[in-house]
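Participant: only geometry, no sequence info:
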C-alpha cells in the first residue's frame, strides 16, 4: 500500500497520518482487551477469595462428627445432622411437586395451548413470577400454607414454597427443550396413528428429557440455597432432633408423619451460626457454607454438562 | 424409525364388512377420547398453578395490607421518616426502610453495571472462542452460589477489609452489603447484556469493519447503540434483583431501620425488616404481623414496576431486527 508510484510529500504525510490514527485506535483495542481479561480475572479472584476464605475457616471443622451431630450450644461439638436431613426431605417434597407441575405446564403451553387470551395470561404470568423476589414467596407461604392450610412451620410448607419458587425455572426449561424438537417428529407419530398424548408421551417427553433435567437441577440448586422464604415462614428454631422416619413400622410401610414435622435446613443453620456473636460459631458457618457451595456448584456443573453433552449429541 | 412403526400398528379400517366389531370399536374410541381429554385438562391445571400462585400472592398481600391500613393511614405510611412498629411509640414510615433499600441498590449498581457491561462487551466482541466457552459456565456458576454464602462473605470478609481502609466503619454497614450484592448481580447483568449484543446481526459489524473501524470502535459505536434497549433491560432487571435481595443485606447491613442515604451507616432494607420480624415470634393477626405484608406489598409493587419496564425494553430490542 506504500505510495511508491506518487512519492509526493503531501501524500506521504496523509498516509502517515492515517497510519498513526490506525495505530492509536489499535492500541485502544488492545487496552480494552486487557481490561476485559482483567475484569474476568477479578471475577475469578473474588470467587477464589470467597471459596478460599471459607475453605481456610471451615475445612478444619469438617469431620464425620460434623455430619452426624445435632446443633449444640458448644460450637466445637455442633453439627449439621438435623440440617442436612431437613434439606433432603424438603428437596424431596419440592421435587415431587415442582417436576410434575412444571413439566405439565411446559407441555401444555408448547403442545396443547391454543393461541388465546388464557395462554397469553399464563405466559405473562410465568415470566413475571420468575422476577418476584423470593421473600415474597415466603410471605405467600406464611399466609397461605402456614395459617390458611394449617400446615404450620413444617417440611410440607417449606417444600411447597420452594416448589412454587422454582416452578418458572422448570416451566421455561421444559418449553425451551420442547421447542428444539422438529415438527416432522410429531407428524411422523401422527402418521402412524398416535393420539396426541401418545405422541407427547412417546416422543416429546423422552426427547426433551435432557433439557428438562437441566432445568430441574438448576432449580433445585437454587432451592437448596434459598434462605429468605424459609425464614419468613418462621422456621428459624433450635432443632436438635430428626423428623419421624419416612419408612414406617411393620404395619405401615411408608409413614407421612415427617411431612408435618418441624425442621431446619442447611442455609438456615448457617444463618443461625453467622448471627451468633461468638467467633467459634463462625467456623461452623464456614464449614456449612462450604458444603452448600460445593453442593450448588456441583449441581450447576452437572446441569451445564448435561446441556453441553446432549446439545452436541443430538442432531435432528 | 422402525421402532415407531412397530409402536403404532395401522388400525384396521372400519368398513361395512367389519360392522360386527363396531360396538367394541366405539367403546375403545370413547375411552381413548376420554383419556385424551382428561390428560389435557390435567396439563391445563398444571399450567394454571402459576396463575393461582400470582393470584394468591396478590390476594394475601392486599388482604393483610387492607387490615394494616385500617390502623395506619396511608399518608403516615408514605411520609413518616421513622419505622418503629414494635415500639410503644409506634411509627410506620416506609421511607426509613426505602432509604436502606435504595442505598444498597445504588451501591450494588455502581459495581454491577460497569463490571457487567465491560464483561459483556469483552465476551461478545473481543474474547476468543475458547475463553468465552470457559467464562460463560463459570459466570453461570458464580450466579448459582447461594445468597447466604454471599452474606457470610460480606459480613466476615468484606467488612473487616473495608474497616482496614476506613477504621471508623461500623460492623454492620450498607457499603459492604451493597458491594457484595453488586458482585452477585454481575453475572446476571453480563449474561443478559451479552445476549443482547450477540443478537445484533453480524452484517452491522462487517459494515463497520469495512469502513475501517477497529473492534473497539465497532463495539462502542455500532453494537452497543444497537443493543441499547437490551442493555437497559439487563440493568433494570438487575435493579429489580438488588431491590428484592434479602440475605446479604439482612446479614451485613444490620436490621435497624435508619433513615439515611449514607452507605457507611447500618440500616434495614424492606427485605431485612421482613426477616427481622420473622425471626421473632409475632402472634398471627397482630399489627407487627401485618406490617410485613404491607412492606411486602411495597416491595412487590417496586419490583413489578422494574420488571415490566425491563420486559418492555427487551421486547423492543427483539423486534428491532
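Facilitator: That came through fine. Small disclaimer: the values here were computed from a predicted structure and weren't measured.

Participant: residue of the stretch 201-321 of chain B with the smallest distance to chain A?
Facilitator: Among the residues of the stretch 201-321 of chain B, residue B:244 lies closest to chain A, at 2.5 Å counting by Cβ to the nearest Cβ. C-beta: built from backbone N, CA, C; applies to glycine.

Participant: isn't that residue right up against residue A:138?
Facilitator: No - using Cβ atoms under 8 Å, residue B:244 is not in contact with residue A:138; the gap is 11.3 Å.

Participant: out of the two, which sits in the busier spot?
Facilitator: Using other Cβ atoms under 10 Å in any protein chain shown, the more surrounded residue of residue B:244 and residue A:138 is residue A:138, with 31 against 25.

Participant: Would you agree residue B:311 is in contact with residue B:192?
Facilitator: No - using Cβ under 8 Å, residue B:311 makes no contact with residue B:192, being 11.7 Å away.

Participant: Local confidence estimate at residue B:55?
Facilitator: For residue B:55, the pLDDT comes out at 94.

Participant: In what element of secondary structure is it found?
Facilitator: Per DSSP states H and E: residue B:55 is located in helix B:22-71.

Participant: other SSEs contacting that helix?
Facilitator: Contacts defined by 3 or more Cβ pairs under 8 Å, 6 or more residues apart in numbering or on different chains; DSSP states H and E place helix B:22-71 against helix A:81-107, helix A:117-130, helix A:134-141, helix A:155-179, helix A:196-199, helix B:287-319.

Participant: now these in a markdown table, with distance to residue A:290?
Facilitator: A markdown table is the format used below for the helices and strands packed on helix B:22-71 (distance: least, Cβ to Cβ, whole Å):
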| stretch | distance to residue A:290 |
| --- | --- |
| helix A:81-107 | 13 |
| helix A:117-130 | 29 |
| helix A:134-141 | 22 |
| helix A:155-179 | 22 |
| helix A:196-199 | 46 |
| helix B:287-319 | 31 |
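
Participant: Among those helices, pick out the one with the most neighbours on average.
Facilitator: helix A:134-141 (a mean of 27; mean count of other Cβ atoms under 10 Å in any protein chain shown).

Participant: Next, the angle helix B:22-71 makes with that one.
Facilitator: 100 degrees (axes from the mean of the first three to the mean of the last three Cα atoms, to 10 degrees).

Participant: which other helices and strands contact helix A:134-141?
Facilitator: helix A:155-179, helix A:228-232, helix B:22-71, helix B:228-244, helix B:270-279, helix B:287-319.

Participant: again, 10 Å this time
Facilitator: On a contact count with 3 or more Cβ pairs under 10 Å, 6 or more residues apart in numbering or on different chains; DSSP states H and E, helix A:134-141 meets helix A:155-179, helix A:228-232, helix B:22-71, helix B:228-244, helix B:247-252, helix B:270-279, helix B:287-319.

Participant: ok so, going back, switch the helices and strands packed on helix B:22-71 over to JSON lines; also include distance to residue A:231 and mean pLDDT.
Facilitator: Below are the helices and strands packed on helix B:22-71 laid out as JSON lines (distance: least, Cβ to Cβ, whole Å; pLDDT from 0 to 100):
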{"stretch": "helix A:81-107", "distance to residue A:231": "14", "mean pLDDT": "93"}
{"stretch": "helix A:117-130", "distance to residue A:231": "21", "mean pLDDT": "88"}
{"stretch": "helix A:134-141", "distance to residue A:231": "7", "mean pLDDT": "93"}
{"stretch": "helix A:155-179", "distance to residue A:231": "10", "mean pLDDT": "93"}
{"stretch": "helix A:196-199", "distance to residue A:231": "42", "mean pLDDT": "93"}
{"stretch": "helix B:287-319", "distance to residue A:231": "11", "mean pLDDT": "84"}
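
Participant: Looking at these, which is nearest to residue A:36?
Facilitator: helix B:287-319 (22.5 Å; Cβ to Cβ).

Participant: Could you check the closest one against chain A for contacts?
Facilitator: Yes - for helix B:287-319 and chain A, the contact criterion (Cβ under 10 Å from any Cβ of the partner chain) is met by B:289, B:292-293, B:295-297, B:299-300, B:302-304, B:306-308, B:310-311, B:314.

Participant: Output the contacting helices and strands for that helix.
Facilitator: By 3+ Cβ pairs under 10 Å, 6+ apart, helix B:287-319 packs against helix A:117-130, helix A:134-141, helix B:22-71, helix B:74-79, helix B:95-121, helix B:174-198, helix B:228-244, helix B:270-279.

Participant: Now render these as JSON lines, adding distance to residue A:178.
Facilitator: Converted to JSON lines, these look like this (distance: least, Cβ to Cβ, whole Å):
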{"stretch": "helix A:117-130", "distance to residue A:178": "14"}
{"stretch": "helix A:134-141", "distance to residue A:178": "26"}
{"stretch": "helix B:22-71", "distance to residue A:178": "12"}
{"stretch": "helix B:74-79", "distance to residue A:178": "46"}
{"stretch": "helix B:95-121", "distance to residue A:178": "29"}
{"stretch": "helix B:174-198", "distance to residue A:178": "21"}
{"stretch": "helix B:228-244", "distance to residue A:178": "25"}
{"stretch": "helix B:270-279", "distance to residue A:178": "35"}
